[in-house]
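Peer 1: Here's a sequence, model it:
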Amino acid sequence: MRRYAVIDTNVLVSAMLKRASVPGKIIEFAFSGVIVPVLNEKIVAEYREVLLRDKFHFTKEIVDDVIQALEEEGEYIDPENLDFDLPDPKDIIFYAIVMEKRKDEDAFLVTGNIRHFPQEPYVVTPKEMLDIIISPGYEERQ
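Peer 2: Have a look, this model is predicted:
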């Protein structure tokens with residue numbers, strides 16, 4: 001079963017820094033179509049800006065390849081409403097996108113900073129997303 005997920009930048013960074021990790025598995029699932037990344041231009045711009053920071057030492061070619069793979073498997077959505085109050089204004093687009101997608105499909109926001117978002121069953125850590133994917137009936141137990 002394919003799952004729709006907005007992937008927070010911190011999950012992507014963690015995956016790229018350590019491929020053999022839970023965030024790495026989430027991105028692997030996004031590359032293989034198990035997870036359908038839900039994106040928009042602002043999210044892609046943030047991915048690019050953060051991944052190209054000198055401290056990470058990722059080349060432009062690697063960043064371009066990763067973003068291209070996410071875009072090829074992903075779905076672009078522009079949210080109707082950005083009127084959310086979150087601690088970090090940069091997080092608003094991620095939350096707005098998941099809320100927009102949830103109008104049509106079950107979708108998740110996967111983040112390593114869960115406390116930055118409303119406490120909802122669809123705002124999950126990478127480990128929780130992995131459990132949702134590999135454990136039948138997981139959502140019903142929540």
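Peer 1: and the longest helix for this protein?
Peer 2: The helix spanning the most residues in the chain, taking DSSP state H as the definition, is helix 60-73.
Peer 1: Show me what counts as buried in it.
Peer 2: Using 16 or more other Cβ atoms under 10 Å as the test for burial, helix 60-73 gives 63, 66, 67, 70, 73. Where C-beta positions appear, they are placed from N, C-alpha and C, glycine not excepted.
Peer 1: next one: that helix to chain centre, how far?
Peer 2: Per Cα atoms, centre = their mean, to the nearest Å, the displacement of helix 60-73 from the mean C-alpha position of its chain is 14 Å.
Peer 1: immediately after it, which helix or strand?
Peer 2: For helix 60-73, the succeeding helix or strand toward the C-terminus, using DSSP states H and E, is strand 75-76.
Peer 1: Which residue ranges of this structure form helices?
Peer 2: Along the chain, the segments classed as helices by DSSP H run 9-17, 22-32, 41-51, 60-73, 92-101, 126-134, 138-141.
Peer 1: Residue ranges in the chain under the pLDDT threshold?
Peer 2: Scanning the chain for pLDDT under 70 picks out 136-142.
Peer 1: Can you give me the neighbour number for residue 109?
Peer 2: Residue 109 sits with 26 neighbouring residues when counted by other Cβ atoms under 10 Å.
Peer 1: Can you give me the neighbour number for the closest residue in space to it that isn't next to it in sequence?
Peer 2: If you skip the residues right next to it in sequence, residue 109 has residue 98 as its closest partner in space, 4.2 Å away by Cβ to Cβ, 6 or more residues apart in numbering. With neighbours defined by other Cβ under 10 Å, the count for residue 98 comes to 25.
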